[in-house]
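S.K.: Give me a 3D structure for the following:
(chains A and B)
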Amino acid sequence: MLLTLDLNDPRPLHEQVAGAIRRAVGEGGYRPGDRLPPARELAAALGINANTVLRALRDLRDEGILEFRRGRGVTVAERPAGRALIEQRARDLLDEAARYGYGRDDLIDILKELP
Amino acid sequence: MTDRIRAPILAGVWGTLVGAALAAPPLALRDRLPDPVAIHWSGAGADGSAPLLTFTVLPVAVWLVGVAIAIGLALWGQTLTHRSGRVYWWGFLIGGGVFLVGLSLLTLDANLDRSSWSRADLKEWGVAVVMAASLATGVLAGWLGRGAPDVPTDTTRQPPELRLRPGRRSVWVGRGANPWLALLAAGSFCLVLATLWTGGVAGGEAGGLIGLAVILGLVGLFTSSVNVRVTEQGVAVAFGLFGWPVHRIPPERIARARAQQRTPGHVGGWGIRGRPGNMTVMLRAGECLVIDYRSGGRFTVSVDDAERGASLINALVAGDRSER
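M.R.: This is a model prediction of the structure:
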């Protein structure tokens, strides 16, 4: 599971982690039923507190993307629904645009100009 | 794919022949054999016996189960698709049959025309002859059945390139597990404990059994799963339930990484294989992360989602190098 965190992102850390996991699941590396690496491992790799990762996992469970099963750990329930995934991608696009000096309104203009 | 059809048929014919060779002699000679017959010897003489019926039926049953497994592997497994698999398959099938028939004939010879099983006299040189004959036929069969050399099918997938951006932290965590290994270890552990509990063994052997149970349990705990972590500090491979011990590979040792499909047959079985500098951690067939060292060796570990891990390793190694 490839996870990327933006160190300058002002959003709460657990939201960022949830976003990173949502993206990893949405990109198809993990299919429904696949077991996620243990939260402890994810936290250690990211260098953050395990409770932060657990909170992100719980958020994703409430969203219906993950499933907690006793004895089976955390598994993927379903690929993120269209809207959640598009939102995630839009956020990524905003970040990318900002890096090249385009703001939110510029991006909306670009979207409108697309055929 | 003629081997797919030919090998199981030959196994069936050979299985029937060996089965007949195991069952027919004791049946034909039953008037000249004591009942029970001696089946086990120690230095002093025969010290174990079994009813003639058991002696006739049990080896045949064991043999048929073995042949069924061999046919199953040939029909549905991947055993015959590579040379080392074919060598082992033919070697064990032919050598195993010769070994069982040899032991059976040797035991018959020892019991023949004896009034009681305790008078049975085993020819000790016969055991050596049977061992040598089964080994020789096994090796010969493996050599004859080795087939064409493996075509080096390149199952390597070049991982997609990943760009790392400043101000971001990318990590990858992968998991490889084999529940069957854990189950096997737990089952063996329980079996050994149950044997001890029922008191079926004498004092001297009990110590050995406890040792065996501890080893089986530990092997299961430490090697049935693996967690691989890729961070800026390099690669960390944590074994077992406790995530300990950890094998660390710093980025400066790594030349590149890739994902590859491998099976235990390719590397000689399950578990930790090879030596430091060229190690394989094989828990299950399928996707493996292969890390090439700059010194020429490599490290292979069976882990899910290996391609993304390889991408990140390559990106980190490239970044590490451009910094210098």
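
S.K.: Outline the domain layout of chain A.
M.R.: Under automatic domain parsing, the residue ranges defining each domain of chain A are A:9-80, A:81-115.

S.K.: The shortest one: which residues count as buried?
M.R.: Pointing back at domain A:81-115 there. Neighbour-count burial for domain A:81-115, counted by 16 or more other C-beta atoms under 10 Å in any protein chain shown, picks out A:84-85, A:88, A:107. The way it works is simple: take the backbone N, C-alpha and C, and place the C-beta from them, glycine included.

S.K.: residues in contact with B:Val57?
M.R.: B:Ala23 (C-beta atoms under 8 Å, 6 or more residues apart in numbering or on different chains).

S.K.: element containing it, please.
M.R.: Under the criterion DSSP states H and E, the helix or strand holding B:Val57 is helix B:52-76.

S.K.: Averaged pLDDT, that helix. What do you get?
M.R.: The average pLDDT within helix B:52-76 is 88.

S.K.: Rounded mean pLDDT for whichever helix or strand comes after that helix, please.
M.R.: Toward the C-terminal end, the helix or strand that comes next after helix B:52-76 (DSSP H and E) is helix B:83-111. If you average the pLDDT over helix B:83-111, you get 89.

S.K.: If I take the very next helix or strand once past helix B:83-111 and helix B:83-111, what angle do their directions form?
M.R.: Under the assignment DSSP H and E, the closest C-terminal helix or strand after helix B:83-111 is helix B:124-144. An angle of 160 degrees separates the directions of helix B:124-144 and helix B:83-111 when computed by axes from the mean of the first three to the mean of the last three C-alpha atoms, to 10 degrees.

S.K.: Pull out the buried positions in helix B:124-144.
M.R.: Buried residues in helix B:124-144, counting neighbours by 16+ other C-beta under 10 Å, are found at B:126, B:130, B:134, B:137-138, B:141-142.

S.K.: How about stretch B:173-184?
M.R.: By neighbour count on 16+ other C-beta under 10 Å, the buried set for stretch B:173-184 is B:173-178, B:181-182, B:184.

S.K.: which stretch in the domains of chain A is the model least sure about?
M.R.: Lowest mean pLDDT within these: domain A:81-115, at a mean of 82.

S.K.: For the lengthiest helix in chain A, enumerate the helices and strands it packs against.
M.R.: The longest helix of chain A (DSSP state H) is helix A:82-99. Helices and strands touching helix A:82-99, as assessed by 3 or more C-beta pairs under 8 Å, 6 or more residues apart in numbering or on different chains; DSSP states H and E, comprise helix A:13-26, helix A:104-113.

S.K.: go with 6 Å
M.R.: For helix A:82-99, the helices and strands in contact under the criterion 3 or more C-beta pairs under 6 Å, 6 or more residues apart in numbering or on different chains; DSSP states H and E are helix A:13-26.

S.K.: Can I get the helix or strand following the helix it packs on in PDB? Just the C-alpha atoms.
M.R.: In the C-terminal direction, the helix or strand that comes right after helix A:13-26 (DSSP H and E) is helix A:39-46. Written as PDB, here are the backbone C-alpha positions of helix A:39-46 (Å, rounded to 0.1, in the frame of the first residue of the first chain):
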ATOM      1  CA  ALA A  39      -2.300  -0.200  11.400                       C
ATOM      2  CA  ARG A  40       0.800  -0.500  13.600                       C
ATOM      3  CA  GLU A  41       2.900  -1.100  10.400                       C
ATOM      4  CA  LEU A  42       1.300   1.800   8.500                       C
ATOM      5  CA  ALA A  43       1.900   4.100  11.500                       C
ATOM      6  CA  ALA A  44       5.500   3.100  11.900                       C
ATOM      7  CA  ALA A  45       6.200   3.600   8.200                       C
ATOM      8  CA  LEU A  46       4.600   7.000   8.100                       C
END
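
S.K.: Check which element follows helix A:39-46 along the chain.
M.R.: Counting by DSSP H and E, the element after helix A:39-46 in chain order, helix or strand, is helix A:50-63.

S.K.: phi, psi of A:Leu114?
M.R.: The main-chain torsion angles of A:Leu114 are listed as degrees, to the nearest 10 and equal phi -60, psi 140.

S.K.: ok, and the closest non-adjacent residue to the residue nearest to the spatial centre of chain A?
M.R.: Residue closest to the mean C-alpha point of chain A, counted by C-alpha atoms, centre = their mean, is A:Gly19 at 2.0 Å. Leaving aside its sequence neighbours, A:Gly19 sits nearest to A:Gln88 (C-beta to C-beta, 6 or more residues apart in numbering or on different chains; 5.8 Å).

S.K.: quick one: that neighbour and A:Ile21 touch, right?
M.R.: No: taking contacts as C-beta atoms under 6 Å, A:Gln88 lies outside contact range of A:Ile21: 10.2 Å.

S.K.: Where do the strands of the stretch 201-324 of chain B begin and end?
M.R.: Defined through DSSP state E, counting those that start in this stretch, the strands belonging to the stretch 201-324 of chain B, from first to last, are B:225-231, B:234-239, B:246-249, B:254-262, B:271-275, B:278-282, B:286-293, B:298-302.

S.K.: Quick one: mean pLDDT over the last one.
M.R.: Just to be clear, that refers to strand B:298-302. Model confidence over strand B:298-302 averages 89 on the pLDDT scale.
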